[in-house]
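K.L.:
The amino acid sequence is not available; the structure is as follows:
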């Protein structure tokens, strides 16, 4: 976990995920924790290259909130949630329905 500069009282971290077979970067967990309350928020982001078009998709899950004992605990809980819902097995399907930033802004999905 790499710590990122952030707000006072909150810790922001990222953990890079590598493909086991190729060693290529394939995603990351972004984590924010509130030290005073014990609340931790985590999300998974996957950077995917679509070989047929060369388009890059940056897919992010919604933020998931948990009580935590340490930042790695948030990553473990987010990973378990996504594994249980078969997110990683169906990542290509999620990429198929991805929209770009301009379209998301147009639809009011970015605040």
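P.N.:
Alright, I've got the coordinates. This structure is a prediction, so every number in the text was calculated from the model and none was measured.
K.L.:
In the chain, which residue is most central in space?
P.N.:
Note on the chain: the residue nearest the mean C-alpha position is residue 44, at 1.7 Å, using CA atoms, centre = their mean.
K.L.:
Now tell me what touches whatever helix or strand that one lives in from outside.
P.N.:
In the assignment (DSSP states H and E), residue 44 maps to strand 39-49. For strand 39-49, the external contacting residues (CB atoms under 8 Å, 6 or more residues apart in numbering) are 25-34, 55-68, 71, 73-75, 77-79, 82, 87, 91, 95. Just so you know, the C-beta spots here come from the backbone N, C-alpha and C atoms, and that holds for glycine as well.
K.L.:
In this protein, where is pLDDT below threshold?
P.N.:
1-7, 92-101, 104-105, 108-111 (pLDDT under 70).
K.L.:
In this structure residue 87 contacts residue 60, no?
P.N.:
No: applying CB atoms under 8 Å as the test, residue 87 and residue 60 come out as separate, 11.7 Å apart.
K.L.:
quick one: secondary structure of the residue nearest to residue 88 when sequence neighbours are not counted?
P.N.:
Among residues not flanking residue 88 along the chain, residue 82 sits closest, at 6.4 Å (CB to CB, 6 or more residues apart in numbering). Following DSSP: H, G, I helix; E, B strand; the rest coil, the label given to residue 82 is helix.
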